[in-house]
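S.K.: Take this sequence and fold it.
(one chain, ligands or ions: 1)
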Amino acid sequence: MSRIAVIGGGVGGLAAAARLASAGHRVMLLEQAPEVGGKLGRHVRAGYLFDTGPSLLTMPEVFEDFFADTGDPLDRVLPLRRVDPLTCYRWPDGTVLDLPADGSATGPALDAALGPGAGAQWLRLLDRGARIEAAARQPLLEAPFAGPTSLARLAVRRPGDIRVISPAATLRGLGRRMLKDERLQMLLDRYATFSGSDPRRAPAALAMIPWVEQASGAWYIPGGLHRLGLALRDRATEHGVEIHCGSPVASIETAGGRATGVVMASGGRLSADVVVATIDADVVYRSMLGARTPGLLSRLAGLAPSMSGYVLLLGLQGRTPGLGHHTVFFSRDYDAEFDAVFGGRLAEDPTIYVSKPDDPSLVPTPDRESWFVLVNAAPHGTGSRQVDWTAPGLASRYGDLILDRLAQHGVDVRDRVVTRDIRTPARIEHDTGSPGGSIYGVSANGRRSALLRPTNRSPVKGLFLAGGSVHPGGGLPLVALSAKIVADLIGPA
Ligand SMILES: Cc1cc2nc3c(=O)[nH]c(=O)nc-3n(C[C@H](O)[C@H](O)[C@H](O)COP(=O)(O)OP(=O)(O)OC[C@H]3O[C@@H](n4cnc5c(N)ncnc54)[C@H](O)[C@@H]3O)c2cc1C
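M.R.: Predicted coordinates:
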């Protein structure tokens, strides 16, 4: 049995801690915030309940595996509800597409909304996504990644798979080749944002995301997605994990090239045989271990941070017809939006995502709605390619702009807003410790991004990394996969 210190109580930390404790280790989890959950947070105001982070759960099978591996199965712990349509899309030219959850209805729905032939184009793209997933899932998503070595091994064993993954192609390039309709190209581009990336620089392999969404569905948890974090916390404590909230870690101690424990910000010291850091890898290598990993620091410097997000939490009076659970209002000029977000500016005409769960437990009375509104945003900071989101009045003015844009899209809720709260990238950074408020750690921008992404095994013996900023990536299911990879690397007690 090892004594294991897990730093961070988001999905990555909770899932890793629960797996390790159920494998017989003695685990202590240290979380700086007053409660666990990390980005999977919640907010309550005036009888309205909001998720502050994730609103879309995909790949539920990853969580089914987690709960089955560690105790009671998922369906006994949390009721999941399939979302249908998957997403409702609205283009500025008036095109309306409600993408059905039932894959057999996808083609006809696209033909009806975008014109004959659109369905066939999209189905071909989904087919390519399915082949990418089949090639990449086990060797590249579910296993530890050793950078170029892993790709080289795959190239030797399964050269056809490397051709399908096309590591040198961009998502935009693939979209332009396979999709004639510009609206479908925008639809595909949007999936780059699921990894905080720019479609013009992100790898074509991200085309697996629309396929995965279609195949495994979009899911909601009644009461809010944050309940998943609470269920992970409960599973961890059932296995004896000691969770300490309000306990920021200042640094990781090493001796003779091996992790030996952590030093708390309060000055205390906890010794451990193994440390699992689930906070941003950049913070781990830059400030928790200092200059002991210079090679890694220069490698990290080659990675672009993921985009952040600007969130409006709106408590509304009245009900809004014509919107789905997830609705996306595309910008007029997607490239201008990506230029702004990755260039450190505010997008004047952002693509707006509205999540409006039909869930009575989120509202004080049935005639009200609880909205989560998200637009892509440049990270917080005062450097180049960043926005100082703490500038006086900026956050509020941007909220007004978003509501004005929604009104231009035909959804004017300005006189129905009862409560309005804002989560800027600065607030995300403050609440979760993610530099700049990055949503997914590092982006997938650039050909070498997958090769440079921090690995789960660090160069320091006994120090492992899980969470959204490391392999295999950000988003709830991938973060849970990173926790499994780390638990497998450490092994049973
Ligand atoms: C606005 C928004 C929308 C999103 N939408 C989706 C979505 O729809 N679907 C989806 O799948 N994903 C979505 N994501 C991404 C998803 O939330 C993350 O990938 C995932 O929750 C990250 O989990 P994590 O454990 O890696 O990191 P975090 O949740 O950031 O957890 C890290 C934890 O470490 C703690 N910590 C930091 N520093 C220290 C320290 N020094 N000592 C101790 N503790 C520390 C933090 O407080 C935090 O609790 C969204 C994220 C955001 C912000």
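S.K.: Could you tell me which residues of the chain lie near the ligand?
M.R.: Proximity of the chain to the ligand (CB under 6 Å from any ligand atom) is limited to residues 7-13, 30-33, 38-40, 53-56, 248-249, 278-279, 309, 311, 374, 428, 432-434, 439-440, 467-468, 474-476, 479. C-beta coordinates here come from the backbone N, C-alpha and C atoms, glycine included.
S.K.: ranges for the helices of the stretch 151-300 of the chain?
M.R.: 159-165, 171-178, 182-190, 208-216, 226-238, 281-283, 294-301 (DSSP state H, counting those that start in this stretch).
S.K.: quick one, domains of the chain?
M.R.: 3-40+58-75+222-303+444-490, 84-217, 308-436 (automatic domain parsing).
S.K.: which helices and strands does the strand or helix carrying Leu313 pack with?
M.R.: Assigned by DSSP states H and E, Leu313 belongs to strand 308-317. Secondary-structure packing of strand 308-317 (3 or more CB pairs under 8 Å, 6 or more residues apart in numbering; DSSP states H and E): strand 42-45, strand 48-51, strand 368-377, helix 394-408, strand 417-423, helix 425-432.
S.K.: about what we covered before: among the domains of the chain, which is nearest Gly47?
M.R.: Smallest distance to Gly47 across those (CB to CB): 2.9 Å, for domain 308-436.
S.K.: I'd like to know the average pLDDT value across the closest one.
M.R.: This predicted structure assigns domain 308-436 an average pLDDT of 97.
S.K.: Off-centre distance for that domain?
M.R.: Mean-position distance between domain 308-436 and its chain equals 16 Å (CA atoms, centre = their mean, to the nearest Å).
S.K.: Name the residue most distant from the centre of the protein?
M.R.: Distance from the centre of the chain peaks at Gly256, with 35.6 Å (CA atoms, centre = their mean).
S.K.: Could you check how far it is from Pro294?
M.R.: Distance of Gly256 to Pro294, given as CB to CB, to the nearest Å: 18 Å.
S.K.: Mind checking which of the residues of the chain next to the ligand are buried?
M.R.: Neighbour counting with 16 or more other CB atoms under 10 Å marks 7-13, 30-33, 38-40, 53-56, 249, 278-279, 309, 311, 374, 428, 432-434, 439-440, 467-468, 474-476, 479 as buried within the residues of the chain next to the ligand.
S.K.: Now Pro148: closest residue in space, sequence neighbours ignored.
M.R.: Excluding the flanking residues, the one nearest Pro148 by CB to CB, 6 or more residues apart in numbering is Leu451, at 5.5 Å.
S.K.: measure stretch 340-349 end to end?
M.R.: Chord length of stretch 340-349, first to last residue, is 10 Å (CA to CA, to the nearest Å).
S.K.: What are the contacting residues of it?
M.R.: Applying CB atoms under 8 Å, 6 or more residues apart in numbering, the contact partners of stretch 340-349 are 198, 304, 307, 331-333, 336-337, 339, 375-378, 383-387, 398, 401, 405, 445.
S.K.: Recalculate using a threshold of 6 Å.
M.R.: Asp198, Met307, Ser331, Arg332, Glu337, Asn376, Ala378, Ser384, Arg385, Gln386, Val387 (CB atoms under 6 Å, 6 or more residues apart in numbering).
S.K.: Lovely, talk soon.
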